[in-house]
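**Student:** Here you go, sequence then predicted model.
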Amino acid sequence: MTTTTPGQRTEAKISVQDVRKTFDLKNEEFVALERVNLDISDNEFVTVVGPSGCGKSTLMNILAGLDETTAGHALVDGTEVSGPGPERGVIFQQYALFPWLTVRKNVEFGLKVAGYAKAERRERAEHFIKLVGLEQFADALPKMLSGGMKQRCAIARAYAVDPSILLMDEPFGALDALTRVRLQEQLLETWSREKRTVVFITHDVDEAVFLANRVVVMAARPGRIYDVIDIDLPYPRTEEVRLSPEFAELRNRIWTSVYHQTPGTAADASATARA
Ligand SMILES: Nc1ncnc2c1ncn2[C@@H]1O[C@H](COP(=O)(O)OP(=O)(O)OP(=O)(O)O)[C@@H](O)[C@H]1O
Ligand SMILES: [Mg+2]
């Protein structure tokens, strides 16, 4: 049940205000998220890391409008999230392609839902299929694609509807190292060219640092924000940046924050982010 009091007015693109999420288990209430506060600015790239089960996907599902808060508020552009919307492109932890549709039709599907006319659908699908390097496979069915290609198709489908927000749940998790690095670079390139607000969940601390303006570290039992770290590294994030001592220092700090968490502490103050 969502609370009836409205969320606070905010300039933030995404505003998570005192969110609590519980699931009813047999005889008890399981607290998946507790007192989560986070403001994300327009065009910001935020990555979220944390141990398995700390509520990352739960938070993303709430932002995507696929699940409701038990208490507190999730706002996008100052309006309470009440369901999915075309301004939010979602890439799920598991590739969510329609197996009976070709790459092209999968990409066109979202455009159809968003109300694009047929000719424009085809043109946009073509453009984004090319962007992710799948033009040779436009007429292939998902079962003919590798994991990395399926994921690139899901990315093309999300990008094609031109959402101002991308919600990505471990999108590169199942990929080999080389494909992963290529897709990271491609994502940053697209993000810098056509600015978007990105919330990107990952298990990979290197990936979290490499991509983000800000890294949110979550903790489990209850799922909460544990730390928020600004990544003041320059873009474009080149190989040089990746190999710099500053990068190593941030990675080590975040690694410690994720894997050596002190039980029961929360970083509520620092989590209520800068506007
Ligand atoms: N529908 C549900 N019913 C009951 N419990 C749930 C439900 N969805 C999630 N949970 C529980 O909430 C907690 C957070 O789950 P969530 O999927 O958000 O974790 P996560 O941080 O995304 O983990 P991972 O890194 O493994 O993907 C887990 O303990 C999970 O078992
Ligand atoms: Mg998850």
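**Tutor:** That came through, no problem. Ligands and ions are numbered 1, 2, ... in the order given.

**Student:** Which strand or helix spans the residue of the stretch 1-150 of the chain found nearest ligand 2?
**Tutor:** The stretch 1-150 of the chain approaches ligand 2 most closely through residue 57 (3.2 Å), counting by C-beta to the ion. Quick note: C-beta positions are derived from backbone N, CA and C, even for glycine. Element membership for residue 57 (DSSP states H and E) is helix 56-64.

**Student:** Mind listing what's buried along that helix?
**Tutor:** For helix 56-64, burial by neighbour count (16 or more other C-beta atoms under 10 Å) applies to 56, 57, 58, 59, 60, 61, 62, 63, 64.

**Student:** I'd like to know which elements the helix ranked longest in the chain is packed against.
**Tutor:** Identified as the longest helix of the chain according to DSSP state H is helix 177-193. Contacts defined by 3 or more C-beta pairs under 8 Å, 6 or more residues apart in numbering; DSSP states H and E place helix 177-193 against helix 147-160, helix 205-211.

**Student:** Residue 97: how many residues sit nearby?
**Tutor:** 22 (other C-beta atoms under 10 Å).

**Student:** wait, I meant residue 132
**Tutor:** For residue 132, using other C-beta under 10 Å, the count is 22.

**Student:** Residue 118 too?
**Tutor:** 10.

**Student:** swap in residue 19?
**Tutor:** Quick note: residue 19 (other C-beta under 10 Å) scores 26 neighbours.

**Student:** confidence score at it?
**Tutor:** Each residue has a pLDDT score; the one for residue 19 is 98.

**Student:** Contact partners for it?
**Tutor:** 33, 35, 36, 37, 59, 62, 69, 71, 72, 73, 74 (C-beta atoms under 8 Å, 6 or more residues apart in numbering).

**Student:** I'd like the residues you listed as TSV, with secondary structure appended.
**Tutor:** Below are these laid out as TSV (DSSP: H, G, I helix; E, B strand; the rest coil):
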residue	secondary structure
33	strand
35	strand
36	strand
37	strand
59	helix
62	helix
69	coil
71	strand
72	strand
73	strand
74	strand
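
**Student:** Just among those, which is most surrounded?
**Tutor:** residue 59 leads the contacts of residue 19 on contacts (other C-beta under 10 Å) with 30 neighbours.

**Student:** Might one say that it is in contact with residue 37?
**Tutor:** No. Using C-beta atoms under 8 Å as the test, residue 59 is too far from residue 37 to be in contact (11.5 Å).

**Student:** who touches both of these two?
**Tutor:** In contact with both residue 59 and residue 37: 16, 19, using C-beta under 8 Å, 6+ apart.

**Student:** rewinding a little: among the helices and strands packed on helix 177-193, which is nearest ligand 1?
**Tutor:** Closest to ligand 1 of the helices and strands packed on helix 177-193, according to C-beta to the nearest ligand atom: helix 205-211, at 12.7 Å.

**Student:** Can you list the residue ranges for helices in the stretch 101-250 of the chain?
**Tutor:** 103-113, 118-131, 147-160, 177-193, 205-211, 239-242, 245-259 (DSSP state H, counting those that start in this stretch).
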